[in-house]
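>>> I would like the atomic coordinates for the input below:
(one chain, ligands or ions: 1)
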Amino acid sequence: MEKKFLEDNLSITVREWMYYHQKNIHFNQKYRGLNMIKNPFDLIVYEEMLWELKPTVIIEIGNAFGGFSLWLYDRMKLIGIDGKFITIDLASSADISLSRFKSDRFISIVGDCNNPMTVDIVKSYIGQGDTVLIIEDSAHTFDNTFKALENYKDIVTVGSYFIIEDGICDLLDLGIKPGPMSAVERWISGNPNYKIDRDRERYIITYNPKGYLKRIK
Ligand SMILES: C[S@@+](CC[C@H](N)C(=O)[O-])C[C@H]1O[C@@H](n2cnc3c(N)ncnc32)[C@H](O)[C@@H]1O
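Sure, this is the predicted structure:
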């Protein structure tokens with residue numbers, strides 16, 4: 001891997017840093033031995049949000065290798081949240097590597113997030129008084145993102161968030177187009193119960209531009 005040092009790279013642009021990170025770091029980062037595909041600036045935003053919101057149900061849509069699933073579940077325990085972590089993926093690979101953590105508080109569902117059966121299973125875990133946070137990080141196509149927003153929008157609690165990851169696909173030369181940011185821009189115009197909270201992008205560098213959606217009513 002090409003090494004980068006601050007003194008040699010103070011003049012690179014944010015765009016150049018994003019491509020550097022995507023190429024060298026993004027798929028090469030681990031948490032407790034499992035790959036976690038997460039930009040470190042977004043990770044600190046998540047940390048801040050979890051402490052602030054203390055969600056009793058976290059739903060991760062798309063887990064890939066399970067590193068971020070475990071990170072989220074560990075944060076719930078560290079913060080002292082008495083709740084459930086639910087993760088969904090089409091593939092069973094993370095389900096297998098996470099099997100030793102599975103319990104009635106760590107639920108792994110193998111299936112299509114937009115299959116009505118999957119949606120019903122997820123909903124069956126949510127009780128009165130829960131604070132629900134959703135992180136959508138699956139196919140990143142316009143259609144899949146739009147459908148997930150429609151299928152799960154009612155279970156996010158007021159004051160909490162529906163986070164749509166990887167809107168950078170629409171801004172940079174990578175990933176699928178039209179992607180998650182385009183889906184959000186179209187969806188939000190018909191959903192006044194939500195607003196895009198751009199304060200969550202205060203570190204400027206994020207993989208989730210326009211992706212921190214706050215339920216306001
Ligand atoms: C970007 S990766 C998830 C990364 C993970 N959240 C992380 O932070 O490390 C996307 C995952 O979404 C899954 N996926 C794609 N389409 C899906 C769908 N319709 N329903 C459920 N999972 C899906 C893929 O199998 C893949 O493992």
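>>> Apart from its chain neighbours, what residue comes closest to I164?
G211 (4.1 Å; Cβ to Cβ, 6 or more residues apart in numbering). Any C-beta I mention is one placed from the backbone N, CA and C, and that applies to glycine too.
>>> Check the spacing between that neighbour and P192 real quick.
18 Å (Cβ to Cβ, to the nearest Å).
>>> Check S160 too.
17 Å.
>>> How about E16?
When E16 is compared with P192 (using Cβ to Cβ), they lie 38 Å apart.
>>> do Q29 as well
37 Å.
>>> Neighbour count: these two, which is higher?
Q29 (17 against 9; other Cβ atoms under 10 Å).
>>> tell me the contacts of that one?
Q29 makes contact with 35-38, 67, according to Cβ atoms under 8 Å, 6 or more residues apart in numbering.
>>> Looking at those residues, which one is closest to the ligand?
Proximity of these to the ligand (Cβ to the nearest ligand atom) peaks at I37, which lies at 3.6 Å.
>>> hey, where'd the strands end up in this structure?
30-31, 34-35, 57-61, 84-89, 106-110, 132-136, 161-164, 194-196, 212-215 (DSSP state E).
>>> Give me the helices and strands touching the second one, please.
Counting by 3 or more Cβ pairs under 8 Å, 6 or more residues apart in numbering; DSSP states H and E, the packing neighbours recorded for strand 34-35 are helix 67-79.
>>> Up against the ligand, what does the chain have?
36-38, 60, 62-64, 67-68, 88-91, 112-114, 137-139, 144 (Cβ under 6 Å from any ligand atom).
>>> Backbone dihedrals for I204, please?
phi 70, psi -50 (degrees, to the nearest 10).
>>> Give the burial count for the residue in the chain that the ligand sits nearest to, as a bare number.
Minimum separation of the chain from the ligand (Cβ to the nearest ligand atom) falls at G62, amounting to 2.8 Å. Using other Cβ under 10 Å, G62 has 24 other residues around it.
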